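Colleague: Sequence plus predicted model, see below.
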Amino acid sequence: MNALNLQLTLGPLLFFWPRDTVLKFYRDAVEWPLDTIYLGEVVCGRRQQLKSQDWIDLAGELTAAGKRCVLSCQALIESESDLKRLRKLIDNGQVAIEANDMGAAKLAHDQKLPFVAGPYMNIYNAETLALYKTLGATRWVPPLEMNSETLRAVLSQGVEVETEVFAWGKLPLAFSSRCFTARHYNLKKDSCEFRCLEHPDGMTLITRDSQDFLTINGIQTMSAGCQSLLPHLTEMAEMGVNAVRVSPQSAHTQTIVATFAKAIAGQACDAEQLALLKQAAGGAMVDGYWRGQAGIANLGETQDACA
């Protein structure tokens, strides 16, 4: 196998972990074979174990250690305090941001700060991508439900913006003004007791037939299955994708990153690595959206999960 012209990135942390756990995680991640690390709170403004300045300072620390960093902004802005935190991130003046809301893109444009257009920006065609480029986008992450053929068609239009695909992790599907975790505990959103801390990878919902269906993560709804696009890396490289994203999880992230790095380097996975990857997924590995099927469609026992 030949090495692939793909970068490997670590996406923003989507779950709520204690401050010390977060800091240790990222200080360990400095040693991993990553090109870019995304930092920041994307899901909920009440998750304030690390404040905006803490994320900015951490970005400076990791940058000094040789990593490229991007500050990810909250996807659902609901209050003046959320807006204040957004402005704080953008006003850092040096570290690029990942805009997950049109307001963030506007503020970054006003500050002449390059940004990544995150997966929640609803970019489904080349015309919209070109518009974001005029605002200052240097990279975009396609919507998670976009299939490979649609992505190929967008990239064929030649808009000069780098493309990064969400390649591993529970799929963040939707946001709501209601907090599902608080509701589970019969608590109000504004007095949630920070129960998300008890669920470092979210809470799995099952159907009446005992099938894993969704994951709730505060105000965010996610897939229960873990998206794995490892078998599709060669296809991505051939169509012009620039980077693939691994989404952090509470265990095995280092193993996942190492496996992706090995595949990008052109090395096939052995049986032991494949077993570790399946263990790391914590359930079904899915790739249905990429193949133009239902997102819950899984890789299948007969298909190798490695590229």
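Modeller: Thanks, I have the structure now.

Colleague: element containing residue 98?
Modeller: strand 97-99 (DSSP states H and E).

Colleague: Show me what counts as buried in the helix or strand of the chain with the lowest mean pLDDT.
Modeller: Lowest by mean pLDDT, DSSP states H and E among the helices and strands of the chain is helix 271-281, with a mean of 85. For helix 271-281, burial by neighbour count (16 or more other Cβ atoms under 10 Å) applies to 273-274, 276-278, 280-281. From N, CA and C alone the C-beta is placed, and that goes for glycine too.

Colleague: Distance to residue 30 added to these, as a markdown table?
Modeller: As requested, the buried residues of helix 271-281 are exported to a markdown table (distance: Cβ to Cβ, whole Å):
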| residue | distance to residue 30 |
| --- | --- |
| 273 | 23 |
| 274 | 27 |
| 276 | 22 |
| 277 | 23 |
| 278 | 27 |
| 280 | 20 |
| 281 | 25 |
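
Colleague: What is the nearest of those to residue 260?
Modeller: In terms of Cβ to Cβ, no member of the buried residues of helix 271-281 lies closer to residue 260 than residue 277, at 9.5 Å.

Colleague: how much space between the closest one and residue 255?
Modeller: If you measure residue 277 against residue 255 using Cβ to Cβ, to the nearest Å, the figure is 7 Å.

Colleague: try residue 249
Modeller: Distance from residue 249 to residue 255, by Cβ to Cβ: 10 Å.

Colleague: Same check on residue 108?
Modeller: 34 Å.

Colleague: quick one, which of the two is more surrounded?
Modeller: residue 108 (25 against 14; other Cβ atoms under 10 Å).

Colleague: shouldn't that one be in contact with residue 136?
Modeller: Yes: proximity of residue 108 to residue 136 meets the contact threshold set by Cβ atoms under 8 Å, at 5.9 Å.

Colleague: Name the residues contacting each of those two.
Modeller: Both residue 108 and residue 136 are in contact with 114-115, where contact means Cβ atoms under 8 Å, 6 or more residues apart in numbering.

Colleague: what do residue 249 and residue 255 both touch?
Modeller: With Cβ under 8 Å, 6+ apart as the test, residue 249 and residue 255 both reach residue 280.

Colleague: Run through the bridge partners of residue 228.
Modeller: Applying DSSP bridges to residue 228 gives these bridge partners: residue 168.

Colleague: How far does stretch 204-218 stretch from one end to the other?
Modeller: 12 Å (Cα to Cα, to the nearest Å).

Colleague: could you give the mean pLDDT of it?
Modeller: Taken as a whole, stretch 204-218 carries a mean pLDDT of 92.

Colleague: For the remainder of this discussion, apply numbering that starts at 151.
Modeller: Done: numbering now begins at 151, and the last item shifts to stretch 354-368.

Colleague: so how far is that stretch from its chain's centroid?
Modeller: Offset of stretch 354-368 from its chain centre (Cα atoms, centre = their mean, to the nearest Å): 20 Å.

Colleague: Any chance you could list what contacts it?
Modeller: In contact with stretch 354-368 (Cβ under 8 Å, 6+ apart) are residues 164-166, 193-194, 197, 320, 322-323, 329-332, 334, 342, 346, 349, 351-353, 371-375, 433-434.

Colleague: Show me how to select, in ChimeraX, the buried members of the residues you listed.
Modeller: Selection of buried members from these for ChimeraX, criterion 16+ other Cβ under 10 Å:
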select :164,165,166,193,194,197,320,322,329,330,331,332,342,346,349,351,352,353,371,372,373,374,375,434
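
Colleague: taking the contacts of stretch 354-368 one by one, which sit in helices?
Modeller: The helices, defined by DSSP state H, take in 330-332, 334 from these.

Colleague: Turn these into a markdown table, including distance to residue 385.
Modeller: Shown next, in a markdown table, are the ones in helices among the contacts of stretch 354-368 (distance: Cβ to Cβ, whole Å):
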| residue | distance to residue 385 |
| --- | --- |
| 330 | 35 |
| 331 | 36 |
| 332 | 41 |
| 334 | 39 |
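
Colleague: which of the residues you listed lies closest to residue 216?
Modeller: Closest to residue 216, out of all of those and judged by Cβ to Cβ, is residue 331, at 36.3 Å.

Colleague: Quick check: the closest one touching residue 344?
Modeller: No: in this structure, residue 331 is not within contact of residue 344 by Cβ under 8 Å, at 9.4 Å.

Colleague: low pLDDT regions in the protein?
Modeller: Counting by pLDDT under 70, the chain shows low-confidence ranges at 151, 449-457.

Colleague: picking up where we left off before, what do residue 331 and residue 344 both touch?
Modeller: What both residue 331 and residue 344 touch, as defined by Cβ under 8 Å, 6+ apart, is an empty set.

Colleague: Excluding chain neighbours, what is closest to residue 349?
Modeller: residue 331 (6.9 Å; Cβ to Cβ, 6 or more residues apart in numbering).
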